[in-house]
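# Below are the sequence and a predicted model for it; my questions follow.
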Amino acid sequence: MHYELFTRVSLRKDIPEKQLRKGDVATIVEHHPSQAEEAGYSLEVFNALGETITVVVVPASAIEPLHTNEVLHVRQLESSRI
């Protein structure tokens, strides 16, 4: 699936090195096409106040679209450093 820039998506897997968990919501800020490998995306992750907490590059298989029957959830990061 190809996503448009600035689309909000959810993670399909944990990214422990960035303290991100499956289901966390991020915004696509760049698409990384690839001929030989799986395409990827740069994602910007925000805190509940809308401040950027990290940017991460993931393969397309690591994200999925948001759905109308889903509810966003707030959780605390394990530490304030990412």
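Yes, it's here. As the structure is a prediction and not an experimental result, all values here were calculated from the model.
# Give the helix, strand or coil label for the spatially most central residue of the chain.
The centre of the chain sits closest to Ala26, judged by C-alpha atoms, centre = their mean, with a distance of 3.6 Å. Using DSSP: H, G, I helix; E, B strand; the rest coil, the structure places Ala26 in strand.
# and Val57, that's in a helix?
No - counting by three-state DSSP, Val57 falls outside a helix, being strand.
# Neighbours of it, how many?
As a burial measure, Val57 scores 11 neighbours (other C-beta atoms under 10 Å). All C-beta atoms are positioned from the backbone trio N, CA, C, and that covers glycine.
# tell me the contacts of it?
Contacts here follow C-beta atoms under 8 Å, 6 or more residues apart in numbering; on that basis Val57 touches His32, Gly40, Tyr41, Ser42, Leu43.
# Of the residues you listed, keep whichever come out buried.
Gly40, Tyr41, Ser42, Leu43 (16 or more other C-beta atoms under 10 Å).
# Make JSON lines out of those residues and add distance to Ile15 and secondary structure.
Output for the buried ones among the contacts of Val57, formatted as JSON lines (distance: C-beta to C-beta, whole Å; DSSP: H, G, I helix; E, B strand; the rest coil):
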{"residue": "Gly40", "distance to Ile15": "13", "secondary structure": "strand"}
{"residue": "Tyr41", "distance to Ile15": "13", "secondary structure": "strand"}
{"residue": "Ser42", "distance to Ile15": "13", "secondary structure": "strand"}
{"residue": "Leu43", "distance to Ile15": "9", "secondary structure": "strand"}
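# Out of those residues, the closest to Thr7 would be?
If you rank those by distance to Thr7 using C-beta to C-beta, Tyr41 comes first, at 9.3 Å.
# Report the contact partners of the residue lying closest to the closest one once chain neighbours are set aside.
In space, and not counting its chain neighbours, Tyr41 is closest to Ile28: 5.1 Å by C-beta to C-beta, 6 or more residues apart in numbering. Taking C-beta under 8 Å, 6+ apart, we find Ile28 in contact with Tyr3, Glu4, Leu5, Phe6, Thr7, Arg8, Val9, Tyr41, Ser42, Leu43, Ile63.
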